[in-house]
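**Student:** Model the structure of this input:
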Amino acid sequence: MVRRAVPAALTRLPGRFTSRLHDERVTAWLGMALGVSVLSAFATGLISHFMQHPPGWARWPSRPVNLYRVTQGVHVIGGLATVPLLLAKLWTVYPRLWQWPPVRSAAHGLRRLLVFVLVGGALFQFVTGVLNIGYWYAFPFLFTTAHYWTAYIVAGALLIHAADEWSKVRRTVMTRPQDAVGRRAFLLSVAGASGVITAVTVGEAFAPLARLAVLAPRRPGTGSQGLPVNKSAAAAGVSAAARDPRWRLTVTGAVRRDVVVSLDGLRALPQHAARLPIACVEGWSAGADWRGVRLRDLLALAGAAGTARVRVESLQASGLYRTSLLDPGHWHDPLTLLALELNGEPLDLDHGHPCRLIAPNRPGVLQTKWVHRLVVL
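**Tutor:** Model prediction:
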């Protein structure tokens, strides 16, 4: 019987790592797929971050209406589908962690440090991302900040690692393999696992497949008035204030005249309808029919300048997203409403009664609920 030679680096661990799948060809194919997935998640993640926390130079357009819905769906659902790729990649390369001696030269030590940063960063991103999707914040830091900065570290380490390994990957992929059947079956199994995860998650953003979305925290059509709820009025601490018949909406700031209007006064203004989605950072989204007052009409009554920005303030006393900013391109859009109705009914308390902001191409956390003040800047 002819035995396959065990690499010299592993001779201290006889009997281990004998699978032919621990080879460079499988690692190369998985690495290329993982690289595409990670860079896709990085690009769509930047869109998400800059739309939620726009820098001063950024002016996101209001059209296309579903841009954020698509990019964030790709980010989260594609990120989940990447988990089998990452685990398979780690399985194929983990024997190298047991090489002896662990560092053979300064250059080798730098490569191993880079791999440690890449693996650690990737695991951090996927673990915290999954916890965020499940609304389980079992960590003391702010998810969005940590996720954002770690993404740069992972993307940078990935690009350096890919450049360092590219010649080896290219040579390996071009070489005619032996035992191709076993490798092909393994790679197809990994692809199948990614496909299954996609199939049981994509329904959180694609309503026709909502019944299959067994891994999704939210599903289209589920929730009061047929729309999911992330934060209830009770959780936000606004139930009493939102029900108060003395509630008034105030438009103030850099205007020719302050405008103060009651809920009945808003209902007396021209009403308009829009079909717009709620798209959340966790990846779920759902379209709905909204009806209310065009924001541009209300700001015109107050005499706001066309180039002004508008701060929308909620009845919430605190919270990272109790206010949001609207650029001129958004509040001028005829689809941007202060909504009073949802799917043909008056707004439910948990959906923002007495009125809420709904605008195209905007993250759900910036579709401010329980609005009581507009400040023109």
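
**Student:** use CA for all of it now, contacts and neighbours both
**Tutor:** Noted.

**Student:** tell me the mean pLDDT for whichever strand or helix holds Trp149?
**Tutor:** In this structure, Trp149 is located in helix 143-174 according to DSSP states H and E. Mean per-residue pLDDT for helix 143-174: 84.

**Student:** Give the buried residues for it.
**Tutor:** Buried residues in helix 143-174, defined by neighbour count with 16 or more other Cα atoms under 10 Å: 144, 147-148, 150-151, 154-155, 157-158, 160, 162, 169, 172.

**Student:** Now do the helix or strand following it, average pLDDT.
**Tutor:** As assigned by DSSP H and E, the chain's next helix or strand after helix 143-174 is helix 180-199. Predicted confidence along helix 180-199 averages 88 (mean pLDDT).

**Student:** Contacts for helix 180-199, please.
**Tutor:** Identification of contacts with helix 180-199 by Cα atoms under 8 Å, 6 or more residues apart in numbering yields 21, 26, 30, 77-78, 80-85, 88, 212-213.

**Student:** Buried residues in the longest strand anywhere in the chain, which are they?
**Tutor:** When secondary structure is assigned using DSSP state E, the longest strand within the chain turns out to be strand 285-294. Of all the residues in strand 285-294, those buried under the rule 16+ other Cα under 10 Å are Ser285, Ala286, Gly287, Ala288, Trp290, Arg291, Gly292, Val293, Arg294.

**Student:** In this structure the last one contacts Thr336, no?
**Tutor:** Yes - counting by Cα atoms under 8 Å, Arg294 sits close enough to Thr336 to count as a contact (6.0 Å).

**Student:** Can you spell out which helices and strands pack onto the helix or strand bottoming out on mean pLDDT in the chain?
**Tutor:** The least trusted helix or strand in the chain, going by mean pLDDT, DSSP states H and E, turns out to be helix 143-174, with a mean of 84. In terms of contacts (3 or more Cα pairs under 8 Å, 6 or more residues apart in numbering; DSSP states H and E), helix 143-174 is packed against helix 24-52, helix 106-133.

**Student:** elements contacting the longest one?
**Tutor:** If you count contacts as 3+ Cα pairs under 8 Å, 6+ apart, helix 24-52 packs onto helix 67-93, helix 143-174, helix 180-199.

**Student:** relative to helix 180-199, how tilted is it?
**Tutor:** Helix 24-52 and helix 180-199 meet at an angle of 20 degrees, taking axes from the mean of the first three to the mean of the last three Cα atoms, to 10 degrees as the criterion.

**Student:** Tell me the buried residues in helix 24-52?
**Tutor:** 24-31, 33-35, 37-42, 44-49, 51-52.

**Student:** Out of the helices and strands packed on helix 24-52, the one nearest Val115 is which?
**Tutor:** Ranking those by their distance to Val115 (criterion: Cα to Cα) puts helix 143-174 first, at 7.5 Å.

**Student:** just checking, Val281 touches Leu46?
**Tutor:** No - in this structure, Val281 sits apart from Leu46 without contact. The criterion is Cα under 8 Å, and the distance is 11.9 Å.

**Student:** Neighbour-wise, give me the winner out of the contacts of helix 180-199.
**Tutor:** Top of the contacts of helix 180-199 by neighbour number is Thr82, holding 27 neighbours under the definition other Cα atoms under 10 Å.

**Student:** of the helices and strands packed on helix 24-52, which approaches Phe126 most closely?
**Tutor:** Between Phe126 and the helices and strands packed on helix 24-52, the tightest spacing by Cα to Cα is seen for helix 67-93, at 7.3 Å.

**Student:** That closest one to helix 106-133, inter-axis angle?
**Tutor:** The directions of helix 67-93 and helix 106-133 differ by 130 degrees, with the same axes, to 10 degrees as the criterion.
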